[in-house]
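**Q** 3D, please:
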Amino acid sequence: MENFLNYLEHITPLSGSACTAIKRKLKKAEYPKNEVLIKELSRCEYLYFVEKGLARASYFKDGKDITDWFAPEGSIIGPVVRHFPTKEGQHSVTLLEDTTVIGISFADLQELYDEFHEIERLGRMIAIQTILLLQFKIDSIQFLTAKQRYAHFIKTQPSILQRASLGYIASYLGMNQVTLSRIRKS
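**A** Numbering: from 1, shown residues only. Here you go, the predicted structure:
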């Protein structure tokens with residue numbers, strides 16, 4: 001749990017009493033590879049920190065498995081919008097490796113927000129970071145070539161290349177596997 005607390009402290013300093021309150025609410029769990037951590041992302045009641053392992057958020061559309069997001073060690077994964085079912089398909093989170101997560105329920109998180117302004121600020125800062133990452137992903141698909149998207153991916157997320165299938169990576173980058181193979185050969 002120290003990795004998680006260090007992650008939080010890196011975002012914004014927290015008082016000792018806030019850290020203690022957070023620790024009391026956390027639940028650590030280990031899951032095997034291929035386990036579905038979250039069956040329906042929009043209805044999930046927990047926010048997770050990936051302490052060890054790799055998770056993948058995805059959905060099915062028109063018979064295709066689409067990768068939305070990768071969450072390696074040191075990442076948070078959970079719903080951006082809760083209790084709002086998507087029309088295009090059911091988003092889920094599957095573990096690509098044996099994975100250890102630290103979870104906190106949204107009910108407990110809300111209690112912490114109400115009790116500690118600094119934790120509420122932390123939640124806002126994590127949400128802003130997530131929005132910025134999502135905006136970059138949207139912008140890259142709209143404005144960068146497939147080759148530029150792949151170059152950025154290998155620069156910013158090199159460990160995932162060895163840990164996720166090329167099909168998942170191609171889908172995440174908004175291209176098909178044939179295009180990704182062509183880019184990798186050149």
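
**Q** in the helix ranked longest in the chain, what's buried?
**A** Secondary structure of the chain per DSSP state H: the longest helix is helix 117-143. Counting neighbours by 16 or more other Cβ atoms under 10 Å, one finds that the buried residues in helix 117-143 are 119, 122, 126, 137, 140. Just so you know, the C-beta spots here come from the backbone N, C-alpha and C atoms, and that holds for glycine as well.

**Q** just checking, what packs against that helix?
**A** Judged by 3 or more Cβ pairs under 8 Å, 6 or more residues apart in numbering; DSSP states H and E, helix 117-143 is in contact with helix 2-11, helix 16-25, helix 106-115, helix 146-156.

**Q** redo the ones you listed as TSV? Include mean pLDDT, mean neighbour count and distance to Lys64.
**A** Below are the helices and strands packed on helix 117-143 laid out as TSV (pLDDT from 0 to 100; neighbours: other Cβ atoms under 10 Å; distance: least, Cβ to Cβ, whole Å):
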stretch	mean pLDDT	mean neighbour count	distance to Lys64
helix 2-11	90	14	33
helix 16-25	96	14	38
helix 106-115	95	15	30
helix 146-156	95	14	17
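
**Q** give the residue spans of the chain that score low on pLDDT.
**A** 80-89 (pLDDT under 70).

**Q** can you tell me how far Gln142 is from Ala57?
**A** Distance, Gln142 to Ala57, using Cβ to Cβ, to the nearest Å: 20 Å.

**Q** for Leu14, phi and psi?
**A** Torsion angles at Leu14 (phi, psi; degrees, to the nearest 10) stand at phi -130, psi 150.

**Q** centre of the chain to the longest helix of the chain, how far?
**A** From the chain centre to the centre of helix 117-143 is a distance of 11 Å (Cα atoms, centre = their mean, to the nearest Å).

**Q** now swap in stretch 6-18 and tell me
**A** From the chain centre to the centre of stretch 6-18 is a distance of 20 Å (Cα atoms, centre = their mean).

**Q** stretch 157-167 too?
**A** Counting by Cα atoms, centre = their mean, stretch 157-167 is centred 15 Å from the centre of its parent chain.

**Q** show me which residues of it are buried.
**A** 160, 163-164.

**Q** just the ones of those residues in helices?
**A** For the buried residues of stretch 157-167, membership in helices holds for 160, 163, with DSSP H as the criterion.

**Q** could the buried residues of stretch 157-167 go into TSV alongside distance to Trp69?
**A** Shown next, in TSV, are the buried residues of stretch 157-167 (distance: Cβ to Cβ, whole Å):
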residue	distance to Trp69
Ile160	11
Arg163	14
Ala164	11
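
**Q** leaving out sequence neighbours, find the closest residue to the residue sitting nearest the centre point of the chain.
**A** Closest to where the C-alpha atoms of the chain average out (Cα atoms, centre = their mean) is Ile77, at 3.4 Å. With Cβ to Cβ, 6 or more residues apart in numbering as the criterion, Ile77 has its nearest non-adjacent residue at 3.9 Å, and that residue is Ala71.
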